[in-house]
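> Okay, sequence plus prediction incoming.
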Protein chains: 2
Amino acid sequence: MARITSAEVVDVRFPTSLTLDGSDAMNKDGDYSAAYVVLHTDDPALSGHGFTFTIGRGNDLCVAAAVQRAEPLIGRDVDDLVGDLGAVYRELQSDTQLRWLGPDKGVVHLALAAVMNAVWDLAARRAGKPLWRLLAEMSPEELVDAADLSYLSDVLTRDDAIALLAKQADGRAARIAELEATGYPCYTTSAGWLGYSDDKLRELCEEAVAAGYKHVKLKVGADLADDIRRCGIVREVIGPKAGLMIDANQVWDVPEAIEWVRALAEFEPLWIEEPTSPDDVLGHAAIRRAVAPIGVATGEHGMNRVLFKQFFQAGAIDFCQLDAARLGSINEILAVYLLAARFGVPVCPHAGGVGLCELVQHLSIFDYVAVSASLEGRVTEYVDHLHEHFVDPCVVRDGAYLLPSAAGYSAEMHRRSLAAYAFPSGTYWASRGTSESVA
Amino acid sequence: MARITSAEVVDVRFPTSLTLDGSDAMNKDGDYSAAYVVLHTDDPALSGHGFTFTIGRGNDLCVAAAVQRAEPLIGRDVDDLVGDLGAVYRELQSDTQLRWLGPDKGVVHLALAAVMNAVWDLAARRAGKPLWRLLAEMSPEELVDAADLSYLSDVLTRDDAIALLAKQADGRAARIAELEATGYPCYTTSAGWLGYSDDKLRELCEEAVAAGYKHVKLKVGADLADDIRRCGIVREVIGPKAGLMIDANQVWDVPEAIEWVRALAEFEPLWIEEPTSPDDVLGHAAIRRAVAPIGVATGEHGMNRVLFKQFFQAGAIDFCQLDAARLGSINEILAVYLLAARFGVPVCPHAGGVGLCELVQHLSIFDYVAVSASLEGRVTEYVDHLHEHFVDPCVVRDGAYLLPSAAGYSAEMHRRSLAAYAFPSGTYWASRGTSESVA
């Protein structure tokens, strides 16, 4: 028996705004941050680690909310908790008073993600398996019991969901073996941050091609002439066959998005990502109709399963980019994967941030093994920074994530990283002689 | 000249869960609360008051977020601020790091509402006018400059908005005179809270009829047999011609909503309010098609203008119930009123909560005077509790709000109320010998 003894929640901030890593047309000066949760137990060898991702100011709000979200877990028996991961999610999610602040969105939902990510990490560690394998070995009924299908029954019932998973049950072992040989395909965003010079862009694209990537993503939306020039550079370096994705990070209204994307059509982008407000289902649908065959992608700011349901119902997106630290952890992510499979939309998770690559590799592997059983149109984001802070960092070879083998959700950070980047008291921030964020 | 010297933000909580005032199928035990903002200036006679509304736990998160949202205002010249109320909104709203936690939703947006409500109160006090009059005397161009029209140009351009307001400019004075004689029509929710007994329901309905109300709202959705019996009681008391609204507070999935509402159709409800997830535009559209001629209403959890745009585009609602403490204050509320007028949907603002009646009376009056110029299908919520905490409480006579005459947005609370109900240090909470919320 082990019991949860405490929830440690740390405000961790990395000064990425200094280098413009992560810069784009909307998010010019992010300090990549995490509200980082450790569920301690009375077994010193057993703990659960999770986080939500933010870009600086307000990370403290997620920390305070995560403390509240985690409170009902203190004193609980670990085996009881991990024995019904649907029940614990529903208990935390349905807090009648916190619900008012969402529901299922914003700070309280980000905090739910952080805490439930730690619970799922704990469950996988308790089972001695990487999370993707824990999930891949659950029965269709067990997966559906864990999934949050509330507000979805107009398009996906419990029976639909079980049938969908049962259809893929037979091939699971073969697909695991396949991915163990090849890894899961990814693309790099590291080349195309908006703050980088043309020379740095060209150089990084050359490096990406040399490293085996078949897709490169470029930030756009600040200046059309710049975008035309930068798209030209990327297309020239990667050649006509590789995938070029463009990402506007929500800077446009719908008519402007259509006009701007059409002006970049000659570079044959695979997708335009976040062309407008992340809440605008009908707007994305209108853009998609207008810019085809260029695909429309969104999801990193997709607040919950109800929004994704509508993106699918409206035929608004070609690629679903769910976020592992914004949706309510595996419970809600399962629902979105099931919806995506029901509507035949590939999921290409968002991973630009700190630690998101570590999480999404588990999701993509699980999707191929147990849900979609397809790699078609699927490629998962990879960004090559801040992995040094993680105990079990993701490993990418030849443009593919290798399968994680350590137990858990790969979310644990090094204690030395927390000591340095805890905000504002960590050694890095204290040495700046200020309690202010960089930006 | 006056400058803003500080922003005082108070966590105020009222123990409403003790009496089940405010109880419904989703929100069983709310402690009506406010993250209450006072912008102090170096003129002791001038301050701005605003708040956002919550139902208990997590109000502290809104307080912490409001402190951050208000920080850029400290030291500013009041006349500069109130001279460009669009600019100050855009500055606060577009904080590049806090934006990640929304955008435009959840705790950071509630906090923006609290702070900007205080700024608008300050502006009205500076002008020596009740807010409705300040707004009603602004030119179409001034109103549109203050409105947040971002992400809306696919359905409403700046020119559209100006034309729409200019069309109503001539009759403003006559409509003010009319409302000064009649007040603005309202309905009462106070009779029908779910936690009340049948006898209490019947008695309160009789009182409502005697007090001149022509509409009564009833909470439904916990038990169908109870709902049938309770609807029968209300219809019997109010008679066949008065309006009966029913409100499910988001408890149903789409198919269940359709089935349940059809089972209550014999009582001829005017509208079904919040039949499902507040985020589900397409779900509301499906329900509306299925339950007509019963109307569909939603909006108290409507997170932002982009959501309302889609409700209107999709023909999903018959009544728009925007919330004065959830949308980004007048700046975003103006946008929703303009959208509603563009699509011909009546706005009947939400006011169940603490202080919301005080705010929404200004909105409804302004709508009639300057935007829609219509009372058809419009009736504003009124709930008769907690008004004693306000310095300039709303006044209802014969089922109508009388026009406020004091300068400001009627948001100021009595100091004695803050002293008693500040959480957890106020005299009420301290005397309970606990730092825990009631529920």
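That came through, no problem. Because the structure is a prediction, the values reported are computed rather than measured. Numbers count the residues shown, from 1 in each chain, chains lettered A, B, ... in the order given.
> only C-alpha atoms for contact and neighbour calcs from this point on.
Fine.
> so who does A:Ala324 touch?
By C-alpha atoms under 8 Å, 6 or more residues apart in numbering or on different chains, the contact list for A:Ala324 reads A:Ala113, A:Ile330, A:Ile333, A:Pro349, A:His350, A:Leu356, A:Leu359, A:Val360.
> That one falls within a helix, correct?
No: counting by DSSP: H, G, I helix; E, B strand; the rest coil, A:Ala324 is located in no helix; its state is coil.
> From B:Arg126, how far off is it?
Distance, A:Ala324 to B:Arg126, using C-alpha to C-alpha, to the nearest Å: 47 Å.
> now A:Lys167
From A:Lys167 across to B:Arg126, the span is 67 Å (C-alpha to C-alpha).
> Do you have the strands of chain A handy? List them.
Ranges of strands within chain A are A:4-13, A:33-41, A:47-54, A:184-192, A:215-219, A:243-247, A:271-273, A:295-298, A:319-320, A:380-382, A:396-397, A:400-401, based on DSSP state E.
> What is the third one packed up against?
Meaning strand A:47-54. For strand A:47-54, the elements it packs on are strand A:33-41, helix A:106-127, judged by 3 or more C-alpha pairs under 8 Å, 6 or more residues apart in numbering or on different chains; DSSP states H and E.
> Looking at the strands of chain A, which one is packed in the most?
strand A:47-54 (a mean of 30; mean count of other C-alpha atoms under 10 Å in any protein chain shown).
> now that one and helix A:106-127, what's the angle there?
Counting by axes from the mean of the first three to the mean of the last three C-alpha atoms, to 10 degrees, strand A:47-54 lies at 150 degrees to helix A:106-127.
> For A:Val379, see how far away the nearest residue to A:Ala191 once chain neighbours are set aside is.
Nearest non-adjacent residue to A:Ala191, counting by C-alpha to C-alpha, 6 or more residues apart in numbering or on different chains: A:Leu204, 4.9 Å away. For A:Leu204, the distance to A:Val379 equals 19 Å [C-alpha to C-alpha].
> And the pLDDT at the residue of the stretch 251-400 of chain A found nearest chain B?
Scanning the stretch 251-400 of chain A for the residue nearest chain B gives A:Asp253, at 4.7 Å (criterion: C-alpha to the nearest C-alpha). At A:Asp253, the model reports a pLDDT of 98.
> count of neighbours near the closest residue to it other than its chain neighbours?
Leaving aside its chain neighbours, A:Asp253 sits nearest to B:Tyr151 (4.7 Å; criterion: C-alpha to C-alpha, 6+ apart). Residues within reach of B:Tyr151, counting by other C-alpha atoms under 10 Å in any protein chain shown, total 24.
> quick one, what contacts B:Tyr151?
Residues in contact with B:Tyr151 (C-alpha under 8 Å, 6+ apart) are A:Trp252, A:Asp253, A:Val254, A:Thr276, A:Ser277, B:Val306.
> Would you format those as CSV with distance to B:Asp160 included?
Listed next are those as CSV, based on distance: C-alpha to C-alpha, whole Å:
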residue, distance to B:Asp160
A:Trp252, 19
A:Asp253, 16
A:Val254, 16
A:Thr276, 21
A:Ser277, 21
B:Val306, 17
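> what would these look like in a markdown table with distance to A:Val9 and neighbour count?
As requested, those are arranged in a markdown table below (distance: C-alpha to C-alpha, whole Å; neighbours: other C-alpha atoms under 10 Å in any protein chain shown):
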| residue | distance to A:Val9 | neighbour count |
| --- | --- | --- |
| A:Trp252 | 36 | 21 |
| A:Asp253 | 38 | 19 |
| A:Val254 | 39 | 24 |
| A:Thr276 | 33 | 23 |
| A:Ser277 | 31 | 24 |
| B:Val306 | 33 | 24 |
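> which of those sit farthest apart?
Spanning the widest gap among these are A:Trp252 and B:Val306, at 13.1 Å by C-alpha to C-alpha.
> Quickly list what's touching both of those two.
Contacts common to A:Trp252 and B:Val306, judged by C-alpha under 8 Å, 6+ apart, are A:Ser277, B:Tyr151.
> does chain B sit close to stretch A:410-429?
No: shown here: stretch A:410-429 not in contact with chain B (C-alpha under 8 Å from any C-alpha of the partner chain), separated by at least 14.9 Å.
> outside of that stretch, which residues touch it?
Residues from elsewhere that reach stretch A:410-429 (C-alpha under 8 Å, 6+ apart): A:10-14, A:49-51, A:121, A:130, A:355, A:358-359, A:389-394, A:404, A:430, A:435-436.
> Tell me how far that stretch lies from the chain's centre.
Averaging C-alpha positions (C-alpha atoms, centre = their mean, to the nearest Å) puts stretch A:410-429 21 Å from its chain's average.
> Using PDB, write out the CA atom coordinates for that stretch.
Below are the C-alpha coordinates for stretch A:410-429, written out as PDB (Å, rounded to 0.1, in the frame of the first residue of the first chain):
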ATOM      1  CA  SER A 410       8.300  11.100 -19.200                       C
ATOM      2  CA  ALA A 411       7.200  14.300 -17.400                       C
ATOM      3  CA  GLU A 412       9.700  14.300 -14.500                       C
ATOM      4  CA  MET A 413      12.100  17.200 -14.400                       C
ATOM      5  CA  HIS A 414      15.600  17.200 -12.800                       C
ATOM      6  CA  ARG A 415      15.700  18.600  -9.300                       C
ATOM      7  CA  ARG A 416      18.700  20.700 -10.400                       C
ATOM      8  CA  SER A 417      16.400  22.300 -13.000                       C
ATOM      9  CA  LEU A 418      13.800  23.100 -10.500                       C
ATOM     10  CA  ALA A 419      16.400  24.600  -8.200                       C
ATOM     11  CA  ALA A 420      17.700  26.900 -10.900                       C
ATOM     12  CA  TYR A 421      14.400  27.900 -12.700                       C
ATOM     13  CA  ALA A 422      11.800  28.000  -9.900                       C
ATOM     14  CA  PHE A 423      10.300  31.500 -10.100                       C
ATOM     15  CA  PRO A 424      11.200  33.800  -8.600                       C
ATOM     16  CA  SER A 425      13.400  32.100  -6.000                       C
ATOM     17  CA  GLY A 426      15.500  29.700  -8.100                       C
ATOM     18  CA  THR A 427      19.200  30.500  -8.500                       C
ATOM     19  CA  TYR A 428      18.800  31.600 -12.100                       C
ATOM     20  CA  TRP A 429      16.100  34.200 -11.300                       C
END
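> Many thanks, I have nothing further to ask.
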